[in-house]
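Undergrad: A predicted structure for the sequence below; I have some questions about it.
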Amino acid sequence: DSLLQENYFPTMMSVTAASLSLARRCFSANAPAMAAAADPIQELFVEKIRDYSTKKVAADGAMVDATESTQLELQNELDKVAKAYGGGAGIDMTAFPELKFEEPTIDPINIAQ
């Protein structure tokens with residue numbers, strides 16, 4: 001009887017420890033997901049993100065909820081940057097610049113001399 005307990009007890013302890021570890025892992029992985037559904041702050045955050053997403057689609061590439069003064073301020077800043085980097089009226093600052101390389105003039109070398 002004592003010999004049986006000595007061999008059985010360590011095996012039972014390892015199975016119990018493994019079961020507890022597995023249960024702890026399952027509960028810890030599911031706990032944040034279950035808590036997120038009941039968290040009013042997170043729900044409000046997700047609602048605001050969805051609201052912004054619909055406004056962004058409706059804005060069609062423009063700034064969301066931008067006033068006329070905000071649009072004017074943005075355009076003034078873009079004009080300042082364009083002027084600082086060589087842009088201006090009629091110049092597309094989003095296009096890749098056309099690079100022009102000229103062949104250098106090389107003096108002829110007379111090897112016979």
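TA: Great, that's in hand.

Undergrad: which intervals of the chain have sub-threshold pLDDT?
TA: When residues are selected by pLDDT under 70, those of the chain lie in 1-16, 18, 20-37, 112-113.

Undergrad: please enumerate the helices of it.
TA: Using DSSP state H, the helices of the chain run over 2-38, 40-59, 68-84.

Undergrad: buried sites along the last one?
TA: Spelled out, it's helix 68-84. For helix 68-84, a neighbour-count test (16 or more other C-beta atoms under 10 Å) marks nothing as buried. Heads up, the C-betas are built off the backbone N, CA and C, glycines and all.

Undergrad: Ala17: what's it in contact with?
TA: By C-beta atoms under 8 Å, 6 or more residues apart in numbering, the contact list for Ala17 is empty.

Undergrad: quick one: Lys55 and Ala66 touch, right?
TA: No: with contact defined as C-beta atoms under 8 Å, Lys55 does not count as touching Ala66 (10.5 Å).

Undergrad: name the nearest residue to Leu74, sequence neighbours excluded.
TA: Closest residue to Leu74 apart from its sequence neighbours, by C-beta to C-beta, 6 or more residues apart in numbering: Met63 at 7.1 Å.

Undergrad: what's the separation between the one you found and Thr94?
TA: Note on Met63: its distance to Thr94, by C-beta to C-beta, to the nearest Å, is 17 Å.

Undergrad: pick out whichever of the two has more residues nearby.
TA: Set Met63 next to Thr94 and count neighbours by other C-beta atoms under 10 Å: Met63 wins out with 11 against 5.

Undergrad: please report the distance of that one from Gln75.
TA: 11 Å.

Undergrad: one more: Leu44?
TA: In this view, Leu44 and Gln75 are 34 Å apart by C-beta to C-beta.

Undergrad: tell me if I'm right that the residue nearest to Leu74 and Thr70 touch.
TA: Yes: between Met63 and Thr70 a contact is recorded at 6.7 Å, counting by C-beta under 8 Å.

Undergrad: mutual contacts of these two, please.
TA: The contact sets of Met63 and Thr70 do not overlap (C-beta under 8 Å, 6+ apart).
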